[in-house]
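A.B. asks: need a structure here:
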Amino acid sequence: MQKVNAAIKGYCKRLADLIQHNPRVLFTVIVVTVITVIQWLELDLSPGTSITKLMTRNVIYQIIDLALVFLVDLLFLLLTRRISLACALGSVFFCIWSLVNYYVRLYANDVVTVMLLRSTNTALNVLGGYSLHLSWEVVLILLATAVNLGLSVALKNGGLPPVPWKKLWTVALSMVMVLSVSCATLNVMEHIHKVNDWQPTLDLNKFGYPIYFTRQVFKTLDPIECPEGYDEAIVAQMAERVAEDEPDMVRWYDQDGDAALLTYREPTGNSSASGQTLPDIVLILDESYYFLEEYTDLVTSAPYHENYSNLQNAVKGHAVVPWIGSSTNRTEFELLTSNSTYLANCQAPFSTLNMSGSNSIVQYLNEFGYTTVAMHDADGSNYSRQRVYPMLGFDEIHFTDDFTPAAYGQRRATDASNFQDMFRWYEQAGDAPRFMYLLTYQNHGGWKQNDESLFTVTSDTDYGKREHDMDEYLTSLKMTDDALQMLIDYFNSVDRPVLLCVLGDHSPNIILDVPAKEGLEGNEEQLVMHSTPLLIWANDAYGPLKARDDALITVPDLAPTLLEMAGLPLSAYYQTMRELTERVPIRLSNGIYRTAAGEYGEFSQDDANYGLLAPYYFMEYNNLQRPDERYQVLFDPPRKTGS
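C.D. replies: Sure, this is the predicted structure:
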């Protein structure tokens, strides 16, 4: 220890002597420090962190955030050798980063991470629908950058000369030391302060954006969270029990939801093992489909979802989605794979995870002879859908070039036109049972694309700067409601049994700028913000449903619910989820859950319901592994011996 202290004192003495004999060193140190602090402030504040939160943050985190920003300047110094040029390039770099971060936070309720950068093309397409207005935050970022560029010019005139080639190794060594010390300190601190990936605002306030970004860099290497207490031996035991179960007997569910034990027979043609005709399943994930009056005191000039509200022979209620204001791909991932983003907590699962060999409702239905069709009126490169949809098992895939162009004002891809195209592909699908999956686009933000003369529904409540957005959004929802009636009329005209499921992918980001109803707070407020309209309807050829208006179901549970209603046998994984739907219907992507009795809890080994939830999360974790590491018997449909 004495040697370390002596070394530090010796270094400080040499630095003091250097500054005393060369004033340019002191000038350079001061100016570079000021530039780095300004870069840190504009980057750290860009996601909406308040200056109060930043200044009251743990000083260790502040130092690490500052060091990580300085690390980028060191990188530019390593590339250019000139301190002034490195600071100028770093300032421009952080200006662009801060501006992008600001708009991603504003319009997508998210922040820039490496996971999001993998979907840069998608992000650009999304932001293309919004007006990048000049706010005071943007002006401050630009002014801060102008100050830094001025200081960089001062460094050129009064700072140190270029770093000699022979001494560049000291810059590289400094980078390694800064990164190593920062990561080591952060690793220790994370054991003291719990991290919450589900709500970035909490992490951004506590740790700062540079730390948050760095953590996400490392998280991309292993994006799957292991559930507390995971024991593969338990999963192996469950798989063994499933494999040894009586092969000719499986659990079935009739259309009334009553459990029965029936003899399994291989499905033939268009019939289930119980002799019923397998229904066509139409699953529509509707962009930004949400009824805002459930969250805020909204009064409108006219009804905008009366067709939905008046629909008969339907199960209506809410689907609990993983995110607020954005993140279609999170919901899509949960819907098609029945995996929650509690364990696969990433911004763009299709782009981040290895989806090859993934289990999905698509592959499950393929096992029963379904023709499976995926449709999305946008570029197939968005969230890597053109690569992932075949991996999920779709037989037929359609992207924007296959759709009939249609527009409403400046909006394209209306729900009505998408439905018309879906009818065409539905009729071409052949005689086998059909699974049609449509992801719509019409209601996507921003909501300043049309003139007020096109509005058919407006808000009587004053929402200030979001008034135009609100009126355009409400008009768009009215168009969806009109298209919904067209959808119902069409499928009632076909002579095949049809199950139709429609849900919203997330609430609009407008919800972040409007006040909640009085008394709506805490977990209940979060639940309402995460709950989008849900509709499950059956046509006349299918028969009557047990209609209800208060259904509340977590998105991953929708697939087994639809399979059950279709009269299909459920895998062990799907059976576990259906049982949880009855007892713990709400399981949010942060581990918070709500039981059927309305009691909230959080998944952990200390929780009273751990034994109830653990089998599901254990199986899900195994499901997210590579196919050669997975106990596939848990996820496959029941089969007869020898089949």
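A.B. asks: Need the phi and psi values for residue 135.
C.D. replies: phi -100, psi 170 (degrees, to the nearest 10).
A.B. asks: right, I mislabeled it, should have said residue 503
C.D. replies: Per degrees, to the nearest 10, the backbone of residue 503 is at phi -150, psi 160.
A.B. asks: now swap in the one 3 residues further on and tell me
C.D. replies: Dihedral pair for residue 506: phi -170, psi 170, per degrees, to the nearest 10.
A.B. asks: The one 4 residues further on too?
C.D. replies: With angles defined as degrees, to the nearest 10, residue 510 sits at phi -60, psi -30.
A.B. asks: ok, it - how many residues close by?
C.D. replies: Neighbour count for residue 510, taken as other C-beta atoms under 10 Å: 22. For glycine as for every other residue, the C-beta is placed from the backbone atoms N, C-alpha and C.
A.B. asks: Please shift the residue numbers so they start at 173 in all later answers.
C.D. replies: Okay, using 173 as the starting number, the last item reads as residue 682.
A.B. asks: is it true that it touches residue 645?
C.D. replies: Yes: applying C-beta atoms under 8 Å, one finds residue 682 in contact with residue 645, separated by 6.2 Å.
A.B. asks: Between those two, which contacts overlap?
C.D. replies: Applying C-beta atoms under 8 Å, 6 or more residues apart in numbering, one finds that residue 682 and residue 645 are jointly contacted by 464, 617, 619.
A.B. asks: Could you grab the helix/strand/coil label for the second one?
C.D. replies: Put plainly, it is residue 617. coil (DSSP: H, G, I helix; E, B strand; the rest coil).
A.B. asks: That one against residue 680, yeah?
C.D. replies: Yes: Residue 617 is within contact range of residue 680, at 6.2 Å (criterion: C-beta under 8 Å).
A.B. asks: Residues in contact with both of those two, list them for me.
C.D. replies: 460, 645.
A.B. asks: Tell me which of those two has more neighbours.
C.D. replies: Neighbour count, other C-beta under 10 Å: between residue 617 and residue 680, residue 680 has more, with 28 against 23.
A.B. asks: Contact partners for that one?
C.D. replies: 460, 462, 464, 497, 615, 617, 619, 645.
A.B. asks: what's the spacing between it and residue 500?
C.D. replies: Between residue 680 and residue 500 the computed distance is 12 Å (C-beta to C-beta, to the nearest Å).
A.B. asks: Likewise for residue 643?
C.D. replies: Distance from residue 643 to residue 500, by C-beta to C-beta: 23 Å.
A.B. asks: Residue 600 too?
C.D. replies: Residue 600 is 27 Å from residue 500, by C-beta to C-beta.
A.B. asks: what about those two, which has more around it?
C.D. replies: residue 500 (23 against 10).
A.B. asks: Excluding residues flanking it in the chain, which one is nearest that one?
C.D. replies: Using C-beta to C-beta, 6 or more residues apart in numbering and skipping the chain neighbours, the partner closest in space to residue 500 is residue 677 (4.6 Å).
A.B. asks: Share the number of residues neighbouring the one you found, please.
C.D. replies: 28.
A.B. asks: Phi, psi for it please.
C.D. replies: phi -80, psi -30.
A.B. asks: Next: residue 708.
C.D. replies: According to degrees, to the nearest 10, residue 708 has phi -120, psi 120.
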